[in-house]
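Enquirer: Curious how this folds, go ahead:
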Amino acid sequence: SRNDAIREGFHSYSVILSSEGVCTFQRDGVTLAGNQDSSAFIPDTVVRNNNYVGVARGASSQFFEGSIQSVVMYNTDQVTPTCYPIEGTFTGDGTIGEDGVPYKTLQFTTVGKCEWSIPTGVISADAVIVAGGGGGGAWTGAGGGAGGVQAHGDVFTSLSSTSGLALSGSKYDISVGYGGSGARMSGSSTFTTGSNGGDSSIGSSWIAYGGGVGGSWPDGGTSTQNPNAGDSTVGSGGGATSGTDVPGSGNSSSFTVTGGRGFDGGDGGSGQPHSAGGGGGAGGVGADAPSNSTSGSGGDGVQVNIANSNIWLAGGGGGGIHGTGAGGSDGTVGAGGTGGGGDGSGPNRTDWSGANSGVTPVGQMGLSGTGGGGGGAGVPSNSGFSSTGGDGGSGIVVVRYSLSPGAPAISSVSSGDGSIDVAFTAPSH
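Expert: Numbering: from 1, shown residues only. Predicted structure coming up:
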């Protein structure tokens, strides 16, 4: 696509046509520079015998090699769309939910903001809010930090419970954060910065911050992009490279504070073949590089059970390795953290024998719907060689509420004068 508009990873794209005929193209709600050109997108007269979604100009063109989750068209001004979450039900067994009580789960996976109407009678809910993971770095690329995690209610498999959400009113805006873009190094001269992940939220009070981008240390020995991109409001911090970077800081060890839980990224090595640190996860810090030739792994995420199945979320991305070129030691990349973190990437020694001069190491993308950080990527300082950090995984919001009241909590029973007095706390819906 023009200007590298369509990127790897899970993203939300919008095409907005104004009444003046100007077409604006957005990725994840951000207008792309150079894409406000009506003649480039909407010709004055268009006659198409066949229309396709996912192919450029008809059946003879190359098809999009990914998946399209949904296509929504509006013939009005931009409005906040209605939410269409993935719905499920299960019956509590005393371990997950109250025994014998039916529950409904809603999984909001579409990146962007939508409007959720609260069902009648529902005044409380359990919830997990996961922001998008940060992108991995490039050249000497560190792992991206995982998205922050907010958790409300008894949703953990091994951690302590937190208090649920007290819902009020009739509607809430739900936002699902996008995965941050991985950094890119083209040849030895053109560097494109990566980005932090997008925030996820329920309303304006419960917010999880996006993960920090991993650091990048391009050719020349100067730090072109620091972990977290200088932003202090991230979930887990991006890893640092073997340059002068300082690992990105995570938000908090608490699941319920603004921004959610997230830990620091790891540090890189100090010499050839230039290792890099892993991105922080929601369950722990990103690992420092154990040596100059071995990069740090991403921090692990957390395991939750809110929709009647155990899932891991918000692992940090692994650090990439720079390498030293043909005949040198290329070292070992860092693995992604459990919970969707992407593995780091680096050159294979065979690739630098002169036969494969066009190879481009690419960090593994964070897993969509987990908030995992993208893996960092590295490549030797040979002119013409490129590397690309993995994009972070998109976030997710999951809500769980009971479909019928549970049993009341009886605190005391007393009798006298032919009567029985029972003190209890009424169940919430």
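
Enquirer: What's the first helix or strand after the lowest-mean-pLDDT helix or strand in the chain?
Expert: Within the chain, no helix or strand scores below helix 38-41, which has a mean of 46 by mean pLDDT, DSSP states H and E. Per DSSP states H and E, the first helix or strand lying C-terminal to helix 38-41 is strand 86-91.

Enquirer: Give me the buried stretch members for that next one, please.
Expert: Applying a neighbour-count criterion of 16 or more other C-beta atoms under 10 Å, one finds residue 90 buried in strand 86-91. To be clear about C-beta, it is placed using only N, CA and C from the backbone, and glycine gets the same treatment.

Enquirer: contacts for that strand?
Expert: Residues outside strand 86-91 that contact it (C-beta atoms under 8 Å, 6 or more residues apart in numbering) are 96-97, 100-107, 109, 307-308, 403.

Enquirer: Kindly recompute the last result at 10 Å.
Expert: 96-110, 307-309, 396, 398, 400, 403 (C-beta atoms under 10 Å, 6 or more residues apart in numbering).

Enquirer: Just give me the neighbour total for the residue lying closest to residue 81 once chain neighbours are set aside.
Expert: Leaving aside its chain neighbours, residue 81 sits nearest to residue 114 (5.1 Å; criterion: C-beta to C-beta, 6 or more residues apart in numbering). Residue 114: 19 surrounding residues under other C-beta atoms under 10 Å.

Enquirer: how far away is residue 114 from residue 186?
Expert: Using C-beta to C-beta, to the nearest Å, one gets 36 Å for the distance from residue 114 to residue 186.

Enquirer: ditto for residue 408
Expert: Using C-beta to C-beta, residue 408 is found at 65 Å from residue 186.

Enquirer: got the contact list for residue 301?
Expert: 130, 133, 146-147, 149, 236, 261, 281-284, 311-316, 336-341, 370-373.

Enquirer: Which of those are buried, as a PyMOL select command?
Expert: This is the PyMOL syntax for the buried subset of the contacts of residue 301, where burial follows 16+ other C-beta under 10 Å:
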select buried, resi 130+133+146+147+149+236+261+281+282+283+284+311+312+313+314+315+316+336+337+338+339+340+341+370+371+372+373
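
Enquirer: Now, the contacts of residue 301 that are in strands?
Expert: 130, 149, 311, 312, 313 (DSSP state E).

Enquirer: Looking at these, which two lie furthest apart in space?
Expert: Farthest pair in the ones in strands among the contacts of residue 301 (C-beta to C-beta) is 149 and 311. Separation: 12.0 Å.

Enquirer: For the two, list the residues in contact with both.
Expert: Shared contacts of residue 149 and residue 311, counting by C-beta under 10 Å, 6+ apart, come down to 128, 301, 302, 304, 339.

Enquirer: Give me the nearest residue to the fourth one, chain neighbours excluded.
Expert: To tie it back to what came earlier, the one meant is residue 304. Nearest non-adjacent residue to residue 304 (C-beta to C-beta, 6+ apart): residue 155, at 4.8 Å.

Enquirer: Tell me the pLDDT of that neighbour.
Expert: According to the prediction, residue 155 has pLDDT 90.

Enquirer: neighbours around it, how many?
Expert: Around residue 155 there are 23 residues (other C-beta under 10 Å).

Enquirer: Repeat that for the one 3 residues further on.
Expert: The local packing of residue 158 (other C-beta under 10 Å) involves 7 other residues.

Enquirer: Touching, it and residue 303? I think so.
Expert: Yes: assessed by C-beta atoms under 10 Å, residue 158 is found in contact with residue 303 at 6.8 Å.

Enquirer: Kind regards, and thank you for your time.
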